[in-house]
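[1] Sequence first, then the predicted structure, then my questions.
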Amino acid sequence: MTGVTITGWGTALPEQVVTNEDITTLFDTSDEWIFERSGIRSRRTATGPFVKPPPPVDPPANGLGTTGTLAAEAGRKALEMAGVAPEQVRLVIVCTTTPDQLIPANSASVAAALGIRSGAMDLNAACAGFTYGLVTASGLVAAGAERVLLIGAETLSRATNWNDRTNAFLFGDGAGAVLVEAVPGEGSLLAWDLGVDGNLVPLLYAQHGSGMVMRGQEVFRRAVLATVDSATASLERAKLTIDDIALFVPHQANIRIIEAAASRLKLPPERIASVIQRTGNTSSASIPLALIDAIENGRVHDGDHLLLAGFGAGMTWASAVWRWQDPPGR
Ligand code: COA
């Protein structure tokens with residue numbers, strides 16, 4: 001069995017910062033209400049009412065205005081850091097729920113931007129997408145793929161109904177990428193859990209051409225349960241307890257969901273990775289953004305056990321126990 005490790009990483013965020021004060025110009029709300037209910041102060045957006053000039057349209061423009069350009073920028077940084085050439089990558093997986101177009105997959109333009117020709121596909125498991133992608137990439141590496149560039153990238157600003165005050169403040173845009181490489185032995189992925197309950201589609205969805213519709217309280221309740229149950233399953237499979245976890249890297253949907261899940265798992269606040277205050281919910285990008293922020297702030301050390309856990313529309317959920325290995329030379 002070939003194991004996996006992460007040898008490079010990178011992020012990309014659009015330039016436009018949208019504060020809660022900005023949001024108050026759209027509908028009746030306040031910075032205090034948004035922060036208290038979600039833990040969010042600001043988010044970055046590539047499209048939407050605060051982006052000037054108007055959002056780019058097909059074909060996707062340069063800059064960080066699309067899911068594809070954000071993904072390519074994050075992916076380029078991950079390859080650069082790992083010192084890996086595009087021709088050494090066997091597959092690009094772009095995890096996204098907001099692709100720039102219906103056909104083809106977003107990963108095609110990302111592969112082109114990066115000079116990769118060996119294979120590319122999209123993966124949509126909503127906000128659980130990155131963890132689904134990490135498990136998929138690890139499986140493909142075990143099957144001989146050697147190096148998989150895994151990217152979570154979103155322009156949720158495009159799927160947001162900016163007139164809906166019950167959820168428009170939650171979402172943001174961005175991308176995070178990791179290079180997943182083969183290593184001898186067990187590697188970093190110690191255990192994982194994936195799940196879906198497709199009967200819950202009506203809780204959170206967006207139809208073609210219209211914005212997101214969400215039953216917030218029900219999503220909240222189920223998100224806490226799904227995160228805790230999935231994390232517990234992964235821990236059991238890894239034969240570890242919560243005390244072995246150095247850092248919890250949850251999907252960044254809402255700080256109250258994160259805190260409720262952490263409290264049920266008996267994880268103290270200092271062992272939680274969070275960027276939600278300045279990114280909002282970036283769906284597939286949120287776990288890599290939180291993970292990379294923690295790495296770059298010296299919160300992740302060689303040998304640490306990380307617990308990744310996400311949930312999203314579908315509903316989907318996913319978790320993984322990852323034993324961090326510092327890449328050579330770091
Ligand atoms: N500003 C001010 N007041 C608002 C508001 C806003 N933006 N949006 C709704 N309200 C009002 C409501 O009208 C309601 O008023 P009422 O009591 O007079 O009827 C009140 O605030 C409470 O609304 P409610 O929907 O019960 O709020 P909540 O505590 O459930 O918080 C969410 C709303 C969206 C923050 C919360 O449900 C949530 O975080 N859900 C999970 C969302 C999520 O993470 N989704 C992504 C999953 S991947």
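    Sure, I can see it. Residues are numbered from 1 along each chain as shown.

[2] C-alpha only now, for contacts and for neighbours.
    Fine.

[3] Around the residue in the stretch 51-200 of the chain that the ligand sits nearest to, how many other residues sit close by?
    Using CA to the nearest ligand atom, T166 is the residue of the stretch 51-200 of the chain that sits closest to the ligand, at 3.8 Å. T166 is flanked by 15 other residues according to other CA atoms under 10 Å.

[4] Got the confidence number for it?
    According to the model's per-residue confidence, T166 sits at a pLDDT of 97.

[5] repeat for the one 5 residues further on
    Taken from the predicted model, the pLDDT recorded for F171 is 98.

[6] isn't it right next to G280, touching?
    Yes. Applying CA atoms under 8 Å, one finds F171 in contact with G280, separated by 5.2 Å.

[7] Could you tell me which residues touch both of these two?
    Counting by CA atoms under 8 Å, 6 or more residues apart in numbering, the residues touching both F171 and G280 are R43.

[8] re the thing from before, is it true that the residue of the stretch 51-200 of the chain closest to the ligand lies in a strand?
    No. When DSSP: H, G, I helix; E, B strand; the rest coil is applied, T166 is found to be coil, with no strand at that position.

[9] nearest residue to it other than its sequence neighbours?
    Spatial nearest neighbour of T166, chain neighbours left out: G216 (7.8 Å); criterion: CA to CA, 6 or more residues apart in numbering.

[10] Might you report the residue contacts of that neighbour?
    By CA under 8 Å, 6+ apart, the neighbours of G216 are T166, N167, L203.

[11] How about the residues of the stretch 1-150 of the chain by the ligand?
    Taking CA under 6 Å from any ligand atom as the measure of proximity, the stretch 1-150 of the chain contacts the ligand at T29, W33, R37, S38, C127.

[12] Most neighbours among those, please name it.
    C127 (32 neighbours).

[13] wait, that one sits on F311?
    Yes. With contacts defined as CA under 8 Å, C127 counts as touching F311 at a distance of 5.6 Å.

[14] Can you show me the helices along the stretch 201-330 of the chain?
    For the stretch 201-330 of the chain, helices defined by DSSP state H, counting those that start in this stretch occupy the ranges 216-238, 255-265, 276-279, 286-296.

[15] okay if I get those as CSV plus mean pLDDT and distance to the ligand?
    Putting the helices of the stretch 201-330 of the chain into CSV (pLDDT from 0 to 100; distance: least, CA to the nearest ligand atom, whole Å) gives the following:
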stretch, mean pLDDT, distance to the ligand
helix 216-238, 98, 4
helix 255-265, 98, 7
helix 276-279, 98, 11
helix 286-296, 98, 10
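
[16] out of those helices, nearest to I6?
    Using CA to CA as the measure, helix 286-296 is the one of the helices of the stretch 201-330 of the chain that comes nearest I6, at 11.2 Å.

[17] Tell me which other helices or strands that closest one touches.
    Using 3 or more CA pairs under 8 Å, 6 or more residues apart in numbering; DSSP states H and E, the elements in contact with helix 286-296 are strand 3-12, helix 129-140, strand 173-183, strand 245-250.

[18] Which other helices and strands does the last one contact?
    For strand 245-250, the helices and strands in contact under the criterion 3+ CA pairs under 8 Å, 6+ apart are helix 286-296, strand 305-312.

[19] List the buried residues of the longest one.
    Read it as helix 286-296. Of the residues in helix 286-296, those buried by neighbour count under the rule 16 or more other CA atoms under 10 Å are S286, I287, P288, L289, A290, L291, I292, D293, A294.
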